[in-house]
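Q: I would like to see how this sequence folds:
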Amino acid sequence: MIEYNIDISNRAVMGKCNICGKYITKNNLPTHKKLHSGEKPYSCDICAKSFSRRIDLTRHIKIHGPRKKLECSNCGKKLLNQLSLDRHIERGMCEKTKLFKTEKKFKCDICSVLFREEENLIKHQETFVHDKYTCETCGKSFYRKKAHERHLKCHSDEKPYSCDLCGISFKSENYDKKHKEMVHGEKPVSCTVCGKVVKHERYLKYHMVTHSEERAYSCEHCGQTFRRPNGLQKHKMYHHSDERPYSCDVCGKAFKDKQTLDKHKNIHNKAEHFRCDICTRSFSFMSALKRHYQRVHKKTK
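A: Numbering: from 1, shown residues only. Prediction:
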């Protein structure tokens, strides 16, 4: 009689081998018992050595070096050995392989998903909910939550993403990336003042501002001046606005920018990414690790 036990740590059902007393996962128990029976159904077609488990045969085959794969005459699929080829034919895998090679030519006119067979397209259109998410402003419907969230930004004046090369702001991170690819590109040039190498001539113009005393952008609220437009934009957001558009979906705490929200989330998932290489203590933030070095080990990092 086989005894079964539940391993709470990984939810797997464990079975006890009645020969050696070991607990093995239920699915692997029959394979494990072959080790005691002496049965070796898997044999190498090069040296005829036999094995109890398929995985042992697979490992053994590697000692013979790379081999030419066998090609199925029906569908053209290449397999590692004769055993795999025979199993491929016996299980009717040729028909499945041919099906996967068939072009997907039936397209849903609502969500653009492609299908190989027309009956699958008809079933999809009859059962799939295409208007799961609807925009309250314009009535446009979406079946993916992310697409709906991206669309909502077109009705907002908020532009949280700014190009670090020229300062132009965008509603989405994707627009910012496309802008950099199309406008700035990668043509490395070096600064004649400090020798720093930048990706593009436009980026060099942006960088040269750091060597200038000119501050052409001023805050209309307090008069503070800035070298770049994105510096002015951040200043107004932090010092002259109470708006906190980015909120934590765990505790509800709100933040003025996405970067601060992302750092905050590490507290909830208890991620400890930064480890001290002296005492191995871990921290969620680099700033916390630096403080630890200074206070505990009297070092700067």
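Q: could you pull out the helices for the stretch 151-300 of the chain?
A: Along the stretch 151-300 of the chain, the stretches classed as helices by DSSP state H, counting those that start in this stretch are 173-179, 201-208, 229-239, 258-269, 286-296.
Q: contacts for the third one?
A: To tie it back to what came earlier, the one meant is helix 229-239. 162, 164, 167, 169, 217-219, 221-222, 224, 226, 243, 256-257 (CB atoms under 8 Å, 6 or more residues apart in numbering). Every C-beta, even on glycine, is put in place using the N, C-alpha and C of the backbone.
Q: again, only using 7 Å
A: Contacting residues not belonging to helix 229-239 are listed as 162, 167, 169, 217, 219, 224, 226, 256 [CB atoms under 7 Å, 6 or more residues apart in numbering].
Q: What subset of those is buried?
A: By neighbour count, with 16 or more other CB atoms under 10 Å, these hold 162, 167, 217, 226, 256 as buried.
Q: Isn't the first one up against S169?
A: What that stands for is S162. Yes: applying CB atoms under 7 Å as the test, S162 and S169 come out as touching, 4.5 Å apart.
Q: how many neighbours does the residue nearest to E71 when sequence neighbours are not counted have?
A: Spatial nearest neighbour of E71, chain neighbours left out: K78 (5.1 Å); criterion: CB to CB, 6 or more residues apart in numbering. Neighbourhood size, K78 [other CB atoms under 10 Å]: 11.
Q: Which residues are in contact with K78?
A: Neighbours of K78 in contact, by CB under 7 Å, 6+ apart: 69-71.
Q: Restricted to buried residues, select those in ChimeraX.
A: Under the burial definition 16+ other CB under 10 Å, those of those that qualify are selected in ChimeraX by:
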select :70
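Q: pLDDT for the contacts of K78 - can I get that in JSON lines?
A: Converted to JSON lines, the contacts of K78 look like this (pLDDT from 0 to 100):
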{"residue": "K69", "pLDDT": "77"}
{"residue": "L70", "pLDDT": "81"}
{"residue": "E71", "pLDDT": "82"}
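Q: N18 is nearest to which of the helices of the stretch 151-300 of the chain?
A: The minimum distance between N18 and those falls on helix 258-269, with 43.0 Å, by CB to CB.
Q: residues of that closest one that come out buried?
A: 261, 264.
Q: Likewise for stretch 21-41?
A: Buried residues in stretch 21-41 (16+ other CB under 10 Å): 24, 29, 32-33.
Q: quick one: least confident of the contacts of helix 229-239?
A: Among the contacts of helix 229-239, G167 carries the lowest pLDDT, at 79.
Q: That one against R228, yeah?
A: Yes: counting by CB under 7 Å, G167 touches R228, with 5.4 Å between them.
Q: Number of residues surrounding D176?
A: Using other CB under 10 Å: D176 sits among 19 other residues.
Q: ok, so what distance separates it from L114?
A: Here the distance between D176 and L114 works out to 30 Å (CB to CB, to the nearest Å).
Q: and what of T127?
A: 17 Å.
Q: what about these two, which has more around it?
A: L114 (12 against 7).
Q: how close does that one sit to K107?
A: Distance, L114 to K107, by CB to CB: 5 Å.
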